[in-house]
Structure formats: C-alpha cells, structure tokens
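Asker: below is the sequence, then the predicted model.
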Amino acid sequence: MSDPTSGEPTASTRKKGEPEEWVRAPLSRFLTPNMTIVDVDPERTYPAVGVLNRGRGLLHRDPLPGSATAYKTLNRVGPGMLVYSRLKAFEGAITVTPDDLQESFASQEFPTFDFAPGASPDFFRILATTQIMWDALQGVSKGMGGRRERVKPADFLGIVMEIPSLPIQERIVRIVDAVDDLIIALDAEVDAIARVRAGMVGTAADVQHLSIGSLGTVSQGRGLPKRYQGKRTGEISWYKIADMTGPGNEFGYTLADTRLSTSDVTDIGGVVVGAGAVTFPRVGAAVLTEKKRILDVPGALDENHLVIAPGESVNPEYLLAVMENFTLASLVRPGAVPSLNMSLIRSTKVPWSWTENESLGDALGALRAEARALATEAACLRKARAGLLAALLSRTVQIEPAG
C-alpha cells in the first residue's frame, strides 16, 4: 500500500535493522486480554458502563445495585483500556476508556484489553471511530442474525490490520486531535448560543401562562401519498420520521428526502414538534420552519409531527424559543411508543411575554442563524476528519513520525 516513490521506507527499501513503520499483524500483537472479574456483593452499588455504537465512546448507565441484578459477577472496567460489546460489536460498539475514568463495571459481555508497549491507547481510540474497524468487527461477528450476533475475544484478537509504528501512531493522534479540538470548540459555541437564547426568554415582567392553542394553529403533518413513495421528483422534499437523524441539537439535521410536486403537498410553516417515537432529536423537540422550508432544507413533514403555525401577532422566532425552553417530554404519554398529540399540545400552557414577543425576534433569529452556521461547519469538519483519517490509515497520505 505504501508508494515506493514517496520516500517512505518499505519492505524493499528499508535498511537492515531499521524498524518497520507499518506492520500487518493480528490485533493480538497490540492488545492483551485483561478482565478483572468480581463477585457481585448485594450490599454494594456498582457504577455501570456500556459501549455506544460507531465508536462513540462509553455509555454511562444508572448505578447497579448488587441486590437488584441477576449477574453473579461483573467485569471491572478501568481507565485506558480497550473495551467492546460482544453483542453489538457488529455495530461498531468499541472504544478506549478515558484516562480519568473512575472505577466502573460491566457484564462479561464487555471484554477489556490492555495495550502492548508498541500500541498507543489514543491511536486505538481513534481507530475505533473508523469504518475500517467497524467492518472488521462485522466480519468476525458470529451468530444467528441481528441482535444475537457476537464477537468472541479470540476472534477479535485474530483480526488482521495494518498498524503503524508507535511514532507514526502518535503523529496521527496529533493530527486528528487538532481537528477534534476544532469540532469540540464549534459544538461548544453552538451549546453556548442555545444557553444565551434560553436566557433571553421569560425574564420580562409581563410573563404569563398561555395555552399553545391560543398562540397559533396546531395541525398534523400529512402522510406521504403512496404513488410517490420511493420516488424523487418535483420541488418539495418530504421527510419521514426515520430520516430525522441529527447530531443532537436543534440547529442541524441530516435528512434523507423524497421529492414531490408542489401540487401534492400542503405548504406548512411554523414550529414543528416531534410527536413520534423516533423524532428529531427527541420526542417533543422543536424546530422552526417556513413555507416549504425546515431550517436550511426544503421540505414538508410526515404525519408523525405536529406543526404550530403562529398566530398573526405571534413572532415565530419567539415561539420557537419558548418551545425550546418548555419541557414537552413531561407530556409524553407512557407506553411502548411514546407520543404527543394535538389536543394535548393545544391545551398545554407555556410562559409567554408579549413584550419579548415583539422585541426579541430579530436577536433570536440572528443567534439561531449563527448556531446553524457553526453546526454546519462542525458537520463539514467531521466529514473531513473521516476522509483524512481514512487517507492516513490507507497511506494514501504519507506521514512522518512525530518529532
């Protein structure tokens, strides 16, 4: 994979005794199993963790009382260890634990590993976020379909990958960390703007509690006409509930679309509230739309969303800010499929100030536009990061060891 003309040492150009800069080897060369199994004490409560899919790190679960679990033993998970989920490895559920992780525990379905001297935990933490690793895990997953598939530790350690020498691992970590720092900074700015927007609302002396139905017309998104399902045509995009896969804030979404002609869609405008089980980014989340637009993408919404079209004197930006601050999750009906409904939304009362409604629209809109721009920039950087890392690992982009 290395280009001999690049000046990078290869098997044919490396001098005798010169260390290899890349090696193709099983993961057992870099990782050693290290599971510390403890007996569950019914008198103790255990900090519990799991592993998120697609290399997104640890999932911190609710503390596990020893008296309330069927597990007889648990695996102690410490800092700086590689851990994966045997059951969800095929979904990329693998990570390296943070250096500051407090003592935590997981079931034996989460094998843990220490690193050999030639392996950087930070490099493997980055490697766990790549399609290369996810594909490798999927390749050794065994079982009878879907959720019953498992990756045994022996099969995991048998995965063969091309791994650079420790100096090059450290250099890759520096490069990728620099990009990650920018992404983290952008995300922090988006969060800061959200806090500023929240702090602007509800401080006026004339705040009162008004029903949402008195502030606008609550309606429901339309179902996609069957003749257009799976087709792309015309000027309007139609978004399904399952397409709402945003990064977890109200300022940016990745939406798959189906095109419809304008004659087949009723234009909607106002504040959209997620009402189904898999909404963006959660049940009760709100975004602002205009006619034929959802934030920065054209479209209409399916029947799993409620639309609050503001009344004539209601500022849409202020209505959105109020809806963002109000905890609609408390109104979600319990059941297998949590949901909201139109009558419930109409009768729900929210804090409202007519003074703020008249004065804050421009400022709230400007802040939202800034947050959208920052979220878009962060999304572009995430895409660039993935491409850069793939090029570094495939040696399409050559790299020198860290100096």
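Answerer: Thanks, I have the structure now. Numbers count the residues shown, from 1 in each chain.

Asker: now the helices for the stretch 301-403 of the chain?
Answerer: For the stretch 301-403 of the chain, the helices defined by DSSP state H, counting those that start in this stretch occupy 316-325, 342-347, 354-359, 361-394.

Asker: so which of those is nearest Leu157?
Answerer: Taking CB to CB, helix 361-394 is the member of these nearest to Leu157, at 19.4 Å. Backbone N, C-alpha and C define where each C-beta goes, glycine included.

Asker: could I get the buried residue list for that closest one?
Answerer: For helix 361-394, the neighbour count (16 or more other CB atoms under 10 Å) marks 361, 364-365, 367-368, 371-375, 377-379, 381, 385, 388-389, 392-393 as buried.

Asker: stretch 46-53 now?
Answerer: Quick answer for stretch 46-53 (16+ other CB under 10 Å): 46-52.

Asker: what's in contact with it?
Answerer: When contacts are defined by CB atoms under 8 Å, 6 or more residues apart in numbering, stretch 46-53 is touched by residues 40, 57-66, 74, 77, 83-85, 88, 91-95, 102-106, 110.

Asker: for the record, mean pLDDT for it?
Answerer: Here stretch 46-53 scores 94 as its mean pLDDT.

Asker: can you report phi and psi for the nearest residue to Leu82 once chain neighbours are set aside?
Answerer: Spatial nearest neighbour of Leu82, chain neighbours left out: Phe113 (4.4 Å); criterion: CB to CB, 6 or more residues apart in numbering. Phi and psi for Phe113, reported as degrees, to the nearest 10, are phi -140, psi 140.

Asker: quickly list what Phe113 is bridged to.
Answerer: Assessed by DSSP bridges, Phe113 has beta-bridge partners Pro33, Leu82.

Asker: run a quick neighbour tally on it.
Answerer: A count of nearby residues for Phe113, using other CB atoms under 10 Å, gives 23.

Asker: can you name the residues that contact it?
Answerer: Contacts of Phe113 (CB under 8 Å, 6+ apart): 31-34, 81-83.

Asker: one more time with 10 Å
Answerer: Shown in contact with Phe113 (CB atoms under 10 Å, 6 or more residues apart in numbering): 27-28, 30-35, 81-84, 96, 119, 124, 153, 156-157.

Asker: circling back: select only the buried ones of the contacts of stretch 46-53 in ChimeraX?
Answerer: Buried residues within the contacts of stretch 46-53, by 16+ other CB under 10 Å, are selected in ChimeraX with:
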select :40,57,58,64,74,77,83,84,85,88,91,92,93,94,95,104,105,106,110
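
Asker: in strands only, show me the contacts of stretch 46-53.
Answerer: Residues of the contacts of stretch 46-53 located in strands (DSSP state E): 58-60, 64-65, 74, 77, 83-84, 94-95, 104-106.

Asker: as a markdown table, those with pLDDT would be great.
Answerer: Output for the ones in strands among the contacts of stretch 46-53, formatted as a markdown table (pLDDT from 0 to 100):
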| residue | pLDDT |
| --- | --- |
| Leu58 | 94 |
| Leu59 | 92 |
| His60 | 93 |
| Leu64 | 93 |
| Pro65 | 94 |
| Leu74 | 96 |
| Val77 | 96 |
| Val83 | 97 |
| Tyr84 | 97 |
| Ile94 | 97 |
| Thr95 | 97 |
| Ser104 | 96 |
| Phe105 | 96 |
| Ala106 | 95 |
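
Asker: report the two of those residues separated the most.
Answerer: Comparing every pair within the ones in strands among the contacts of stretch 46-53 by CB to CB identifies Pro65 and Ile94 as the most remote, at 27.9 Å.

Asker: let me see the mean pLDDT of stretch 218-233.
Answerer: 51.

Asker: shift numbering so it begins at 55
Answerer: Right, with 55 as the first residue, what we last looked at is stretch 272-287.
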